[in-house]
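# what's the 3D shape of this:
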Amino acid sequence: MTRPKKSSEFQPLTRRTFVRGTGAVLAASALSVPRHVHAAGDDTLKVALIGCGGRGSGAAAQALSASGSVRLWAMADLFSDKLQASLAALCTGQDAQYDRAAHKGLAGKIAVPPERRFVGFDAYKHAIDSGVDVVILTTAPHFRPIHFEYAAQQGKHVFMEKPVAVDAVGVRRVLAAAEVAKRKNLKVGVGLQRHHDAMYEETVKRIGEGAIGDVIYQRAYWNGSGYRVRPGREAGMTEMAYQLRNPYHYTWISGDNIAEQHVHNLDVCNWIQGTHPVTAQGQGGRQLRIGPLFGDIYDHHYVEFTYEDGSQLFSHCRHMPGCWNSVAEFVVGTKGRAEVSAGQIESGAGAWRYRGPKTNPYQVEHDRLFEAIRNDRPFHEAEQGALSTMTAIMGRMATYSGKVISWDEASASELALAPDRYDFEGTPPVLPGPDGICPCAVPGVTKVL
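Got it, this is the predicted structure:
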């Protein structure tokens, strides 16, 4: 079996399919490099938080906990109440979703007066233009390409959460903006934090060095009880507002759970392979999470991905309460096997288990990003994030359509998941029927390319 050359960065097989048609965006890279990119020293780095949910508040706390002087300078969200709740949580440390201890002592690092609190669909522009150095993008994934593109054009360093898009059009837009960021010497982090987990780093390194031989197949899981669900519609709430208040349950906003969550596991498998799959086929559907509150996403996906060398990845994600849960990655090679999520390798040379220090990868990814900004070191995770996101999107295309989908056709897709306009009175791309239930994809019928 011929193995692809290993690399610390993914080597896209058909990169040209992503960047075609992006000349207008790339033209922005001709702009001069910003004069102040904090190449060195301990100057205060001003941060804008765009997207004030739980993950946004967590990311802001981790940014403020990075070394050196960091200050939260501006905040933006579609909804005023979410912004105010996030600001209060950051200042008090209450309701911290990820690490309450990380919020302690942050109030003195927060300088967000009312005039730098922005609400609405254009709030991101005002926050980015408010005199900040670093932008945290933690809105619903649909908006990531739009916000990242603008931040790169304005010369801002970026941390953005995964997934970085919900369709191939958005992935190409992210890759084009990533080129702009590189030309402007901007640093970009993506919230695929396993790359900053010492256990994962050491385990993947050993696999790459041949601890289990050549990879034959991998298994990846994100099985859990499901996302939180917003109660029914409030009086006077438009359909657009309701869907944006309940974002995880709509494919156009979240990318479905295969992209919103399972991308973490797919990213690890691509990391091990050193590249992305070339085909996908699978099945999925909506069996339990049906009703007016659950949007149009599936509650289970099973995908078989195939890489260029013939090795395969068997991928499973599910949202069903009362079932077997697992968030993990396993690898079987010609000489042994590994449970990557447990930091464990079994091989002919003997078993190995990670015994090193436990790190908080959510904090480490921000520590490394801010260190790179201050010391002008390379930090470019946008392409990695885009290709792992595209892997998840290709898998979703396979389950939604029931077809074998190739990387080339998936990455060249012109199907854009978007409303008619960005306005609370606008029309989302999916609407509930007379029974209040949104239609979902039907394999064999639904077009995904």
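
# what sits up against the helix or strand hosting residue 46?
Residue 46 is part of strand 45-50 when elements are defined by DSSP states H and E. Defining contact as Cβ atoms under 8 Å, 6 or more residues apart in numbering, one finds that strand 45-50 is touched by 38, 56-57, 59-60, 63-64, 68-77, 86, 123-124, 127-128, 130-139, 147, 156, 370, 373-374. In this view, the C-beta of every residue, glycine as well, is placed from N, C-alpha and C.

# List the pairing partners of it within its sheet, with orientation.
Sheet pairing of strand 45-50 (DSSP bridges) gives strand 70-77 (parallel), strand 134-137 (parallel).

# Domain-wise, how is this structure divided?
Per the record, the chain has its domains at 16-194+363-384, 207-357+390-404, by automatic domain parsing.

# any idea which of those domains scores lowest on pLDDT?
Lowest mean pLDDT within the domains of the chain: domain 16-194+363-384, a mean of 87.

# And the strands paired with strand 45-50: which comes nearest residue 304?
strand 134-137 (32.0 Å; Cβ to Cβ).

# how far out from the middle of the chain is that closest one?
Strand 134-137 has its C-alpha centroid displaced from the chain centroid by 14 Å (Cα atoms, centre = their mean, to the nearest Å).

# Please enumerate residues in contact with the helix or strand just after that strand?
Beyond strand 134-137 in the direction of the C-terminus, DSSP H and E gives the next helix or strand as helix 144-153. Helix 144-153 is contacted by residues 25, 28, 31, 50, 124-125, 128, 135, 137, 139, 158, 160-161, 163-165, 170-171, 173-174, 176-178, 180-181, 184, 186, 188, 382 when judged by Cβ under 8 Å, 6+ apart.

# Just the ones of those in strands?
Taking DSSP state E as the definition of strands, the contacts of helix 144-153 contribute 50, 135, 137, 158, 160, 188.

# Residue 87 contacts residue 117, doesn't it?
Yes: using Cβ atoms under 8 Å, residue 87 makes contact with residue 117 at a distance of 7.4 Å.

# what are the ranges of the helices in the stretch 251-400 of the chain?
With DSSP state H, counting those that start in this stretch as the criterion, the stretch 251-400 of the chain has helices at 251-254, 257-260, 263-273, 361-375, 382-401.

# Can you give me the distance of the closest residue to residue 56 other than its chain neighbours to residue 160?
Once flanking residues are discounted, residue 56 sits nearest to residue 138: 3.6 Å by Cβ to Cβ, 6 or more residues apart in numbering. Remark: distance between residue 138 and residue 160 (Cβ to Cβ, to the nearest Å) = 8 Å.

# who touches both of those two?
The contact sets of residue 138 and residue 160 overlap at residue 191 (Cβ under 8 Å, 6+ apart).

# Next, residue 289: phi, psi?
phi -90, psi 70 (degrees, to the nearest 10).

# give the contact list for it.
Neighbours of residue 289 in contact, by Cβ under 8 Å, 6+ apart: 226, 297, 299, 319-320.

# Write a PyMOL command that selects only the buried members of those.
Filtering the contacts of residue 289 down to the buried ones (16 or more other Cβ atoms under 10 Å) takes a single PyMOL command:
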select buried, resi 226+297+299+319+320
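
# circling back: the residue nearest to residue 56 is in contact with residue 51, isn't it?
Yes: the pair residue 138 and residue 51 passes the contact test of Cβ under 8 Å, sitting 3.7 Å apart.

# which of those two has more neighbours?
residue 51 (29 against 26; other Cβ atoms under 10 Å).

# Format the helices of the stretch 251-400 of the chain as CSV; extra columns: distance to residue 238 and mean neighbour count.
CSV is the format used below for the helices of the stretch 251-400 of the chain (distance: least, Cβ to Cβ, whole Å; neighbours: other Cβ atoms under 10 Å):
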stretch, distance to residue 238, mean neighbour count
helix 251-254, 15, 24
helix 257-260, 23, 29
helix 263-273, 30, 26
helix 361-375, 34, 20
helix 382-401, 27, 27
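
# circling back: nearest approach to residue 439 belongs to which of the domains of the chain?
Closest to residue 439 of the domains of the chain, according to Cβ to Cβ: domain 207-357+390-404, at 6.5 Å.

# what sits against the closest residue in space to residue 225 that isn't next to it in sequence?
Excluding the flanking residues, the one nearest residue 225 by Cβ to Cβ, 6+ apart is residue 321, at 4.2 Å. Residue 321 makes contact with 225-226, 288, according to Cβ under 8 Å, 6+ apart.

# now do residue 72
47, 49, 60, 63-64, 90, 109-112.

# same question, residue 328
220-221, 265, 339-342.

# at 7 Å what do you get?
Residues in contact with residue 328 (Cβ atoms under 7 Å, 6 or more residues apart in numbering) are 221, 339, 341.

# my guess is the second one meets residue 330, correct?
Translated: residue 339. Yes: using Cβ atoms under 7 Å, residue 339 is in contact with residue 330, at 5.4 Å.

# In space, not sequence, find me the middle residue of this protein.
Most central in the chain under Cα atoms, centre = their mean is residue 162, positioned 0.7 Å from the mean C-alpha point.

# on that earlier part again, got the strands paired with strand 45-50 as TSV, with distance to residue 192 columns?
Formatted as TSV, those follow (distance: least, Cβ to Cβ, whole Å):
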stretch	distance to residue 192
strand 70-77	22
strand 134-137	14
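
# right, and those strands - which one's nearest residue 240?
Closest of these to residue 240 is strand 70-77, at 15.4 Å (criterion: Cβ to Cβ).

# That closest one versus helix 144-153: what angle between them?
140 degrees (axes from the mean of the first three to the mean of the last three Cα atoms, to 10 degrees).

# Cool, thanks, signing off.
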